[in-house]
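In: just to be clear, the model below is a prediction. Sequence and coordinates:
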Amino acid sequence: MSTDKDRKDDKREHILDAAEALFAEHGFQATSTRMLASAASVNLGMLTYYFGCKEKIFEELIDRRMGFWQKSHSAVIRDGRDYWETLEEIISIYTSQYVRNKHFYQILHKEIWHGTHTQFKEFAIGVITNKNHEMLRFFTNGIRDKAFREDIDIPFLMSCFYGTLFNVLKPESMQIRSRMMNEDKDVLSDDAMEARLSRFLNQIMTCYLKN
């Protein structure tokens, strides 16, 4: 039997899900509280009751996604693990996160490059910078321990990795592939896309990194 707390948590999650889709489409600045209330099928009073203001919705949405990403990423990259097993798990985490949370990563890129929400930009850039440092250390250590070839260009490799994840999953890119390459809905489903993207990135990284 659900409690009042369960129902409140469900309502909060419902509002956050609706807000995530709107922020991804319109950006933070262009999304009004009325738009948020309408998309979540709640009145403005209920929106205020749960979150107070649009900024709080945005901040809670970011905390919800980024907190998990930080923990899962840091847990995988640790000393003493086999480099190739670690790389495979890194790719699995990133593909799952990007595919399952496409709206959030659209928000992330949109607000970092074009947004005016300074506090969020600083927070997001800080998290991404930390992840980049962890990845840089991982590849540098892999070269040192002769798991990876010596002449890899780490900054370009990381740009290729992140760029593939983001650009493959952009709505415009998926529409183009659907029309030009006759990719049907089954091929573009989350499950199929996650498996396909993970396989592709593993192939690319293995070809480039192997001695």
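Out: Sure thing, it's come through.

In: could you tell me how many residues sit around Ile154?
Out: The number of residues packed near Ile154 is 16, by other C-beta atoms under 10 Å. To be clear about C-beta, it is placed using only N, CA and C from the backbone, and glycine gets the same treatment.

In: any idea how far Ile77 is from it?
Out: From Ile154 over to Ile77 the distance is 14 Å, taken as C-beta to C-beta, to the nearest Å.

In: equivalent analysis for Leu47, please.
Out: Leu47 is 39 Å from Ile77, by C-beta to C-beta.

In: which element follows the helix or strand of the chain with the lowest mean pLDDT toward the C-terminus?
Out: Least confident helix or strand, the chain: helix 171-180 with a mean of 61, by mean pLDDT, DSSP states H and E. Per DSSP states H and E, the first helix or strand lying C-terminal to helix 171-180 is helix 190-209.

In: show me what that following helix is packed up against.
Out: Applying 3 or more C-beta pairs under 8 Å, 6 or more residues apart in numbering; DSSP states H and E, one finds that helix 190-209 makes contact with helix 83-100, helix 154-169.

In: next one: the longest one to chain centre, how far?
Out: Going by C-alpha atoms, centre = their mean, to the nearest Å, the spacing between the C-alpha centre of helix 83-100 and its chain's C-alpha centre is 12 Å.

In: what's the answer for stretch 123-139, then?
Out: Distance of stretch 123-139 from the chain centroid (C-alpha atoms, centre = their mean) equals 14 Å.

In: give me the contact list for it.
Out: 62, 66, 69-70, 73-74, 77, 83, 86-87, 90, 108, 111-112, 148, 152, 154, 157-158 (C-beta atoms under 8 Å, 6 or more residues apart in numbering).

In: mean confidence for that stretch?
Out: Stretch 123-139 carries an average pLDDT of 82.

In: buried stuff in that stretch?
Out: By neighbour count with 16 or more other C-beta atoms under 10 Å, stretch 123-139 contains the buried residues Ala124, Val127, Lys131, Glu134, Met135, Phe138, Phe139.

In: ok, stretch 24-37 next?
Out: Ala24, Glu25, Gly27, Phe28, Thr31, Met35, Leu36, Ala37.

In: and of those, the nearest to Tyr98?
Out: Distance to Tyr98 across the buried residues of stretch 24-37 (C-beta to C-beta) is lowest for Ala24, with 12.8 Å.

In: re earlier: and the buried residues of stretch 123-139 as a markdown table, adding distance to Asp191 and secondary structure?
Out: Output for the buried residues of stretch 123-139, formatted as a markdown table (distance: C-beta to C-beta, whole Å; DSSP: H, G, I helix; E, B strand; the rest coil):
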| residue | distance to Asp191 | secondary structure |
| --- | --- | --- |
| Ala124 | 28 | helix |
| Val127 | 27 | helix |
| Lys131 | 25 | helix |
| Glu134 | 28 | helix |
| Met135 | 26 | helix |
| Phe138 | 28 | helix |
| Phe139 | 29 | helix |
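
In: thank you, goodbye.
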